[in-house]
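In: Got a sequence here, can you build the structure:
(one chain, ligands or ions: 2)
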Amino acid sequence: MTPQVSKKFKGPVVWVAACALIDADGRVLVTQRPKGKDHAGLWEFPGGKIEPGESPEQTLVRELYEELSVEPCLDCLEPLTFASHAYLDFHLIMPTYVCRQWDGFVRPTEGQATKWAWAEDIVRLPLVPADVPLAQQLAARLPKGRRFLT
Ligand SMILES: Nc1nc2c([nH]c(=O)n2[C@H]2C[C@H](O)[C@@H](COP(=O)(O)OP(=O)(O)OP(=O)(O)O)O2)c(=O)[nH]1
Ligand SMILES: [Mg+2]
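Out: Numbers count the residues shown, from 1 in each chain. Ligands and ions are numbered 1, 2, ... in the order given. Model prediction:
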């Protein structure tokens, strides 16, 4: 028997790579989608569309430099999980990494707001829809109540 597949979704599948940069205190960098882009004003992890011929890791090295002026070390990109999310006009597949080592200082180049967020705070931010489960998974792996220890 043929398995039942939903016929509703007709849009393209879009591959995007995202990365949670984690600083020495265990805080995560989140960026706010700028005006003019879809989901403007919502928070996300830095990254972008995977170009033809690129690996997700190469995408992240390119995007993090373009968007934030930092260079993650390729070997430090650790796969965390992936998102599979149906938006109205496309289906997002997004391999998501964590990275604790990079060269340079975070300098947003596209006018986007950035924030170093504690685990308990990222889950409370207005996130792009696909990132809600990612933020929960990430928060579960980060130290809790760290701010009260220093
Ligand atoms: N970068 C990023 N994109 C995400 C996340 N979650 C999520 O649903 N997206 C969606 C938003 C966009 O519709 C899509 C592509 O992301 P993007 O706008 O960063 O792509 P890009 O940097 O290549 O930007 P552009 O050149 O197309 O303007 O992925 C996330 O955590 N990070
Ligand atoms: Mg981007």
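
In: what kind of secondary structure is the closest residue to ligand 1 within the chain in?
Out: Residue of the chain nearest ligand 1, by CB to the nearest ligand atom: Gly48 (2.6 Å). For every residue, glycine as well, the C-beta is placed using N, CA and C. Three-state assignment for Gly48 (DSSP: H, G, I helix; E, B strand; the rest coil): strand.

In: List, one by one, the residues from the protein near ligand 1.
Out: Residues of the chain lying close to ligand 1 by CB under 6 Å from any ligand atom are 16, 18, 37-39, 44-45, 47-49, 63, 92, 94, 128, 130-131.

In: Who are the contact partners of the residue of the chain closest to ligand 1?
Out: Residues near Gly48 by CB atoms under 8 Å, 6 or more residues apart in numbering: 16-17, 59, 62-63, 66-67.

In: Filter these down to the ones in helices?
Out: Counted as lying in helices by DSSP state H, out of the contacts of Gly48, are 59, 62-63, 66-67.

In: Thanks again, I'm all set now.
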